[in-house]
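# Turn this into a model:
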Amino acid sequence: MDSLFKHAGLAIPLEINFAISGCGRVVREVRAALMRREREKNLALSAAASSIQSDLRDAVAGLLLQSQLALAEPGIAPPLAERLHLLLELASNLRQRLDQPEPPVAAPIIRPPMRSAPAVMYSALLNQ
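Next comes the predicted model:
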């Protein structure tokens, strides 16, 4: 059984005792497993998005700081100062966009198609 779980990949492993589980229970177990998987996927996506957003904020803060320091240097040529001002403006705009809260995304409701008990049992046996 452990080797089955190790090789399941992205499949959702379920342990079901068909001797005591009726069709309704199997359907509930499958739906609960699909909902758990969707929740875990959404949590992973949220964590990845937060990590990327944090990395972008750090990079933009560095751009802002370095462009401000470069503009503070004495004797900068006017064309270079103009480009640095443009870089500062672009980085400021990007920072404002990163600081805006994102609208919440509703998790989709997963409702697997209803199948008869023999079909559910057959597909469960095939996936072992």
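# Pull out the buried residues from the helix or strand containing A81.
Taking DSSP states H and E as the criterion, A81 maps to helix 78-99. By neighbour count on 16 or more other C-beta atoms under 10 Å, the buried set for helix 78-99 is 84, 87-88, 91, 94. The C-beta positions use only the backbone N, C-alpha and C, and glycine is treated the same way.
# got any ranges where the protein has weak pLDDT?
Per-residue confidence for the chain (pLDDT under 70) gives these ranges: 1, 103-128.
# residue boundaries of the helices in the protein?
2-6, 23-72, 78-99, 117-126 (DSSP state H).
# buried set for the shortest one?
So the one you mean is helix 2-6. Going through helix 2-6 with 16+ other C-beta under 10 Å, nothing comes out buried.
# Can you show me the CA trace of it as CSV?
Taking Å, rounded to 0.1, in the frame of the first residue of the first chain, the C-alpha atoms of helix 2-6 are listed here in CSV:
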residue,chain,number,x,y,z
ASP,A,2,2.9,2.4,0.8
SER,A,3,4.4,1.9,-2.7
LEU,A,4,1.0,2.8,-4.2
PHE,A,5,1.0,6.1,-2.3
LYS,A,6,4.6,6.8,-3.3
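# So the spatially most central residue of the chain versus L88, what's the distance?
Central residue of the chain (C-alpha atoms, centre = their mean): L45, 0.9 Å from the mean position. Distance, L45 to L88, using C-beta to C-beta, to the nearest Å: 33 Å.
# what about dumping the CA coordinates of stretch 43-55 to PDB?
In PDB, the C-alpha atoms belonging to stretch 43-55 read as follows (Å, rounded to 0.1, in the frame of the first residue of the first chain):
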ATOM      1  CA  LEU A  43      -2.800  27.500  -0.700                       C
ATOM      2  CA  ALA A  44       0.300  26.500  -2.700                       C
ATOM      3  CA  LEU A  45      -0.600  29.100  -5.400                       C
ATOM      4  CA  SER A  46      -1.100  31.800  -2.800                       C
ATOM      5  CA  ALA A  47       2.200  31.000  -1.200                       C
ATOM      6  CA  ALA A  48       4.000  31.100  -4.600                       C
ATOM      7  CA  ALA A  49       2.300  34.400  -5.500                       C
ATOM      8  CA  SER A  50       3.300  36.000  -2.100                       C
ATOM      9  CA  SER A  51       6.900  34.800  -2.600                       C
ATOM     10  CA  ILE A  52       7.100  36.300  -6.100                       C
ATOM     11  CA  GLN A  53       5.500  39.500  -5.000                       C
ATOM     12  CA  SER A  54       8.000  39.800  -2.100                       C
ATOM     13  CA  ASP A  55      10.900  39.200  -4.500                       C
END
